[in-house]
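> Just to be clear, the model below is a prediction. Sequence and coordinates:
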Amino acid sequence: MELIVKENAEEIGQAVGELFCKAIEKKPNIVLGLATGASPIPTYRYIAHACEAGRISLRDVRTYNLDEYVDLPRNDKNSYYTFMHRELFDHTDIREENVHFLNGNAPDPQAECAAYDRALEHAQVDLQLLGVGRNGHIGFNEPSNVFTKGSFKVQLTESTLEANSKYFDENPMPHYALTMGIGSIMKARKIVMIATGEKKADAMKAMICGEVSPLCPASILQFHHNVVVYMDKAAAKYV
Ligand code: GLP
């Protein structure tokens, strides 16, 4: 695991944004695994600017997002579908048919997850971007007794509900989500994680210095051969 500590979130956005731009320049039809949350926003801004400036094109890029809330309309302002369009896709030339999400409104979530896993298997993610929850979750793989394999429907924990409910001022926050499993995340050729702020410091310590355990799902990254973790000083304080 390569660890890189930067001064602040903006610097991380520049570094990770540049890493993504170079990867897209090198392989224009790259398959990206993408994350939501506050952490990747500066990175998405950097990529969007590079695209608007004509430096890179996302025309042939394909994307697979990690997760989506269950029973939240796709166009709700808090859906991850809306988030990705607002923060990245709408500022680029990506083609809508190349953008993939788990459908949290699917009538049969199990079938939806199985279909997503087949698509992921076929596509093979080149570069996976990850944030991390305060409790060490990745995607929406919450701490539990087992590492999950494929995509599944998950009940969100109190820690996650507390962290994310600030965005839900009108409708209540969903308590369930569909998420890619740990096994699928680990299949990405390269993984880049972003963690910023003191609230992530305990998770960073457990992920980097602790035992590999599903009680800290992100700790599985110790077993991946190509992971870079970008932290600001506050998140890196116990590492
Ligand atoms: C959500 C997402 C995760 C993300 C996490 C951290 O729970 N499902 O993919 O990593 O939030 O979010 P933030 O970056 O806002 O702290």
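In hand now; what should we look at? Numbers count the residues shown, from 1 in each chain.
> which residues touch the residue nearest to Ala195 when sequence neighbours are not counted?
Counting by Cβ to Cβ, 6 or more residues apart in numbering, Ala195 lies nearest to Ala235, which is 4.3 Å off, once chain neighbours are set aside. For glycine as for every other residue, the C-beta is placed from the backbone atoms N, C-alpha and C. Contact partners of Ala235, counting by Cβ atoms under 8 Å, 6 or more residues apart in numbering, are 195-198, 200-201, 204.
> Where strands are concerned, which of those count?
Ala195 (DSSP state E).
> before we move on, back to that, may I ask you to confirm that the residue nearest to Ala195 belongs to a helix?
No: if the criterion is DSSP: H, G, I helix; E, B strand; the rest coil, then Ala235 is coil and not within a helix.
> restrict the contacts of Ala235 to those near the ligand?
Counting by Cβ under 6 Å from any ligand atom, the subset of the contacts of Ala235 that neighbours the ligand is empty.
> Just the buried ones from the contacts of Ala235?
Neighbour counting over these (16 or more other Cβ atoms under 10 Å) leaves 195-196, 200-201, 204 as the buried ones.
> from what I can see Asn171 touches Asp76, true?
Yes: counting by Cβ atoms under 8 Å, Asp76 is a contact partner of Asn171 at 7.0 Å.
> more neighbours, those two?
Taking other Cβ atoms under 10 Å, Asn171 and Asp76 do not tie; Asp76 has more neighbours (17 against 11).
> What residue, apart from its backbone neighbours, is nearest that one spatially?
Thr82 (6.4 Å).
> Same check on Ile24?
Closest to Ile24 by Cβ to Cβ, 6+ apart is Ile56, at 4.9 Å.
> got a list of what the one you found touches?
21, 24-25, 47, 50.
> quick one: which two of these are the most distant?
Farthest-apart pair in the contacts of Ile56 is Glu25 and Ile47; separation 11.5 Å (Cβ to Cβ).
> between these two, who's got more neighbours?
More neighbours sit around Ile47 than around the other of Glu25 and Ile47, counting by other Cβ under 10 Å; the figures are 27 against 13.
> Quickly note the distance from the most centrally placed residue in the chain to the ligand.
Centroid-nearest residue in the chain: Ala35, 2.2 Å away (criterion: Cα atoms, centre = their mean). Separation of Ala35 from the ligand (Cβ to the nearest ligand atom, to the nearest Å): 5 Å.
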